[in-house]
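K.L.:
Here's a sequence, model it:
(one chain, ligands or ions: 1)
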Amino acid sequence: MSMGVLDQIGNTPLIHLKKLSEMTGNEIYGKAEFMNPGGSVKDRAAKAMVLDAEAKGLLRPGSTIYEGTAGNTGIGLAVVAAARGYHSKIVLPDNQAPEKYDTLKALGADLVLVKPCPFSDPNHFYHTARRLSESDPQGFWANQFENLANFQTHFETTGPEIWNQTQGFITDFVSATGTGGTISGVSRFLKSKNSNVKVTLVDPDGSGMKSYFETGEIKSQGSSVTEGIGIMRLTANFKQAQIDRAMNVNDQKMISMLYFLAREEGLLVGTSAALNCFAAYELSRQNRNQGKKIVTILCDSALRYQSRVFNPQWLAEKGLEVKPLTSF
Ligand code: PMP
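P.N.:
A predicted model of the protein is given here:
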């Protein structure tokens, strides 16, 4: 049977992070979501939302798919749109890594750039995408934050893949959150198989979900260069998550992990993945030699950010240094 591009979304490898495991006396694994056709974990949500819309009769040949995104969902939707004969119109803040805009253009998406602003501002990418879709009778607004096809696909694919790839021996799942689709779908599935699996939420600076989990109030401090993660409101997808503890990881630790993974593991991962890996490492260090099997998500590739993260001038502007992991 010949397979199309959509069939190549998901079923990603689970990579053993050998050095991090040896350094901390537990087993740490990363789910290689950067190997999806659009290069990120968001291909899964994009495919699920489009197939769900097709099943509900919301898309016709030649329709336009609208979405507000930090980039990866837009890239995933542009892949799926191209493969299935739709147009895509993607609204992004104008401060994301340039590689994302280039990739979207290469896939034939129409781009609409907006100034970064708080969610309460009507010009926020989220509201802009909704407005644009409302003025197009053939338009479909994917709405990754509230559309539960996002949660559902992680429950049906990412979760079971991780369960099978660890032969059910997983003890911990570690993940940051953007829409909440990944952490909610995976946490719900894993806990349905074994309620002892512990789930750690990771927040970058500037995200309010750790504080929400711990106090019920959405509060944050500082900001982060990470893209696609961190949120200051409760989304329908995040509401499905089953979380046991929360951790904050700052950008300095994240960058040091990004370089460590490149140089010591031979793995080029993006900023959210490096944040996830630092949290997995920290969790493993705090529980040395406990026989843990910790799984986290390698959401996308460092190559999506290479003009920034491998550019010494950019690092200096952000006040970031490439410090050895052992200095933390
Ligand atoms: N990492 C990156 C690089 C992303 O683009 C996203 C999606 N915004 C996430 C992590 C978070 O995934 P989710 O939306 O499933 O919470």
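K.L.:
Enumerate every residue touching S301.
P.N.:
Shown in contact with S301 (CB atoms under 8 Å, 6 or more residues apart in numbering): F34, G39, L268, V269, G270. C-beta here means a position set from N, CA and C on the backbone, and glycine is covered the same way.
K.L.:
Wasn't C277 part of a helix?
P.N.:
Yes. C277: assigned to a helix according to DSSP: H, G, I helix; E, B strand; the rest coil.
K.L.:
Next up, the contacts around it.
P.N.:
When contacts are counted by CB under 8 Å, 6+ apart, C277 is found next to L17, L20, I28, G30, M257, L261, V269, T296, L298.
K.L.:
Next: G85.
P.N.:
When the contact criterion is CB under 8 Å, 6+ apart, the partners of G85 are P61, G62.
K.L.:
Check D52 too.
P.N.:
Each residue near D52 by CB under 8 Å, 6+ apart is listed here: N147, A149.
K.L.:
What is the distance between the helix or strand hosting it and the centre of its chain?
P.N.:
Secondary structure assigned from DSSP states H and E places D52 in helix 42-55. With CA atoms, centre = their mean, to the nearest Å as the basis, the distance from the averaged C-alpha position of helix 42-55 to the chain average is 16 Å.
K.L.:
how about it: buried residues?
P.N.:
Of the residues in helix 42-55, those scored as buried under the neighbour-count criterion (16 or more other CB atoms under 10 Å) are K42, D43, R44, A45, A46, K47, A48, M49, V50, L51, D52, A53.
K.L.:
need the next SSE after it, C-terminal direction.
P.N.:
Moving toward the C-terminus from helix 42-55, the first helix or strand encountered (DSSP H and E) is strand 64-68.
K.L.:
For the ligand, tell me which of the buried residues of helix 42-55 show up nearby.
P.N.:
Residues of those in contact with the ligand (CB under 6 Å from any ligand atom): K42.
K.L.:
Which positions in the stretch 201-328 of the chain make contact with the ligand?
P.N.:
Remark: the part of the stretch 201-328 of the chain in contact with the ligand comprises E227, G228, I229, G270, S272, C299, D300, using CB under 6 Å from any ligand atom.
K.L.:
Please produce TSV containing those residues, extended by pLDDT and neighbour count.
P.N.:
As requested, these are exported to TSV (pLDDT from 0 to 100; neighbours: other CB atoms under 10 Å):
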residue	pLDDT	neighbour count
E227	96	24
G228	96	24
I229	97	25
G270	98	29
S272	98	30
C299	98	33
D300	98	29
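K.L.:
of these, closest to A142?
P.N.:
The shortest approach to A142 among these belongs to G228, at 15.1 Å (CB to CB).
K.L.:
show me the contacts for the closest one.
P.N.:
Residues near G228 by CB under 8 Å, 6+ apart: S40, K42, A70, G71, N72, G178, S272, C299, D300.
K.L.:
and if you look at G39?
P.N.:
Shown in contact with G39 (CB under 8 Å, 6+ apart): N72, I75, T103, D300, S301, R304.
K.L.:
re the thing from before, which of the residues of the stretch 201-328 of the chain next to the ligand fall in helices?
P.N.:
Among these, the members found in helices (DSSP state H) are S272.
K.L.:
got the residues of the stretch 201-328 of the chain next to the ligand as a markdown table, with distance to T200 columns?
P.N.:
Rendered in a markdown table, the data for those read as follows (distance: CB to CB, whole Å):
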| residue | distance to T200 |
| --- | --- |
| E227 | 21 |
| G228 | 18 |
| I229 | 14 |
| G270 | 19 |
| S272 | 14 |
| C299 | 15 |
| D300 | 20 |
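K.L.:
Closest to F213 out of the residues of the stretch 201-328 of the chain next to the ligand?
P.N.:
When these are ranked by distance to F213 (CB to CB), I229 comes first, at 14.9 Å.
K.L.:
which ones are touching the spatially closest residue to the closest one that is not a sequence neighbour?
P.N.:
What sits nearest to I229 in space, not counting adjacent residues and going by CB to CB, 6 or more residues apart in numbering, is A176, at 4.2 Å. For A176, the contacting residues are 183, 201-204, 207, 226, 229-230, 272, 275-276, 279, 299, taking CB under 8 Å, 6+ apart as the criterion.
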